[in-house]
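**Student:** need a 3D model of the following:
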Amino acid sequence: MINPPMRSPRGKTGGLYHFGRMLDKIRLFQKNELPEEYHENFGLSVGLDGFCCAFLDVDFEELKDRVSQGGTDEEILEWCYSKTRKPSKRQIKIWNEFSRKLGWNDYVTRVRIKLMEEEGLDPSINTSFETIDFREGRTGSLGKNS
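**Tutor:** Coordinates of the predicted model:
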């Protein structure tokens, strides 16, 4: 179990799950403080970072450049919207439901279960959000995907 200085993927910025966590990871990476175990999946196109960038229609490398210029999470999110479009409330709900259920009975499930078994953790945890929160010591939030 690790306890990194970043938010849960359940944390919302502008109503979006995971965006603030992704910014936390970018900021830590830019200061050479992102724990090594996060480097392999950092910005991965088939992970939450990549899916969030795809939803926002922004390139992860461009987002990293924008984060390096400073600003609040909300200012950076507005920059993302200015690049393409601001999603509707319905589109945000779709993103949130997709992201919070990632790893539950989909192509990520096999990888998630393998990771949990390799670490000797309970493979019955159902989603990527739950796996992340469990691994990072936020067990009180398990099952609270609202």
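**Student:** from Phe51, how far out is the residue nearest the centre of the chain?
**Tutor:** Nearest to the mean C-alpha position of the chain, by C-alpha atoms, centre = their mean, lies His18 at 3.8 Å. Distance, His18 to Phe51, using C-beta to C-beta, to the nearest Å: 8 Å. Any C-beta I mention is one placed from the backbone N, CA and C, and that applies to glycine too.
**Student:** and if you look at Asp122?
**Tutor:** Applying C-beta to C-beta, the value for Asp122 to Phe51 is 25 Å.
**Student:** which one's more surrounded, the two?
**Tutor:** Higher neighbour count among Asp122 and Phe51: Phe51, with 17 against 11, using other C-beta atoms under 10 Å.
**Student:** please identify the helix or strand for the more buried one.
**Tutor:** helix 48-56 (DSSP states H and E).
**Student:** output the lowest mean pLDDT helix or strand found in the protein.
**Tutor:** Lowest on mean pLDDT, DSSP states H and E among the helices and strands of the chain sits helix 109-118, with a mean of 81.
**Student:** brilliant, that's me finished.
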